[in-house]
Each structure stands twice: as structure tokens, then as C-alpha cells.
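>>> A structural model of the following input is requested.
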Amino acid sequence: QANPISKVLDLLHSLKEKVVSEGEAEQAAFEKESHMCKDQATSKQYEIRDDEENVASLSATIEKAAATITELDSKIAKLTTAVSKNENDLAAATILRRLHL
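A predicted model of the protein is given here:
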């Protein structure tokens, strides 16, 4: 028969084995999760870098387009003035032609 002390020792030994086993399982799970987090962090860093490069490229494209818009607005204003002048000249020429007929 087992005496109470040996029962306690057996119980402590089995508890120790259980705690060690659970600790090893938790450590393995933690390492797996940690590795996955590191991989995701690296992936996110690459995505952020790529997105920052895209932002820089798109900003340059936007600035170029804005400059083109400004240039074209200026051309439109000049052409509008020229069309208006030509319409006035045409109207004046039409009046002169009618007067000479």
C-alpha cells in the first residue's frame, strides 16, 4: 500500500509532468504565433514601402497633370479671346460688306 507521503509525491510528480508538458505546448504555440506575426510584420513593411512609392509616383503624376491643366486653361483663355475677336471682326466685315452692296 502506498502511504500518504508517496501519494503526495506521485501527485506532485504527475502535476510537474503536466505543467512541463503544457508549458512546452504553450511555448511551441507562442513561437509559432510569434513567427507568424514576424512574417506578417515583414509583409506589411513591404506593402507600406510599395504604397509609399506609389503615393510618390501618383503625387508626381498629379502635379504634372495640374501643370498641364493650368497650361491648357491658359490656352483656352487665349483661344476664347481669339474666337471672340474673330467673331467681332466677322460681324464688322459683314456690316461693311452690306454697306458696300
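>>> Please state the offset of whichever helix or strand residue 70 is part of from the chain centre?
Per DSSP states H and E: residue 70 is located in helix 4-100. Offset of helix 4-100 from its chain centre (CA atoms, centre = their mean, to the nearest Å): 1 Å.
>>> Average pLDDT for that helix, rounded please.
In this model, helix 4-100 carries a mean pLDDT of 96.
>>> and residue 52, what does it touch?
Counting by CB atoms under 8 Å, 6 or more residues apart in numbering, residue 52 makes contact with nothing. Every residue, glycine included, has its C-beta placed from N, CA and C.
>>> now do residue 80
By CB under 8 Å, 6+ apart, residue 80 has no neighbours at all.
>>> Roughly how far does residue 81 sit from residue 90?
Going from residue 81 to residue 90 by CB to CB, to the nearest Å gives 15 Å.
>>> ok, now residue 39?
Residue 39 is 73 Å from residue 90, by CB to CB.
>>> Same question for residue 16.
106 Å.
>>> Residue 15: how many residues sit nearby?
Residues near residue 15, counting by other CB atoms under 10 Å, number 10.
>>> please renumber so the chain begins at 34
That works, and once the first residue is 34, the last one we named lands at residue 48.
>>> what sits against it?
So residue 48 contacts nothing (CB under 8 Å, 6+ apart).
>>> Compute the number of surrounding residues for residue 89.
Neighbours of residue 89 (other CB under 10 Å): 10.
>>> Tell me how many other residues crowd residue 38.
8.
>>> Equivalent analysis for residue 91, please.
10.
>>> for residue 36, same thing?
Around residue 36 there are 8 residues (other CB under 10 Å).
>>> Need the phi and psi values for it.
The phi and psi values for residue 36, taken as degrees, to the nearest 10, are phi -90, psi 160.
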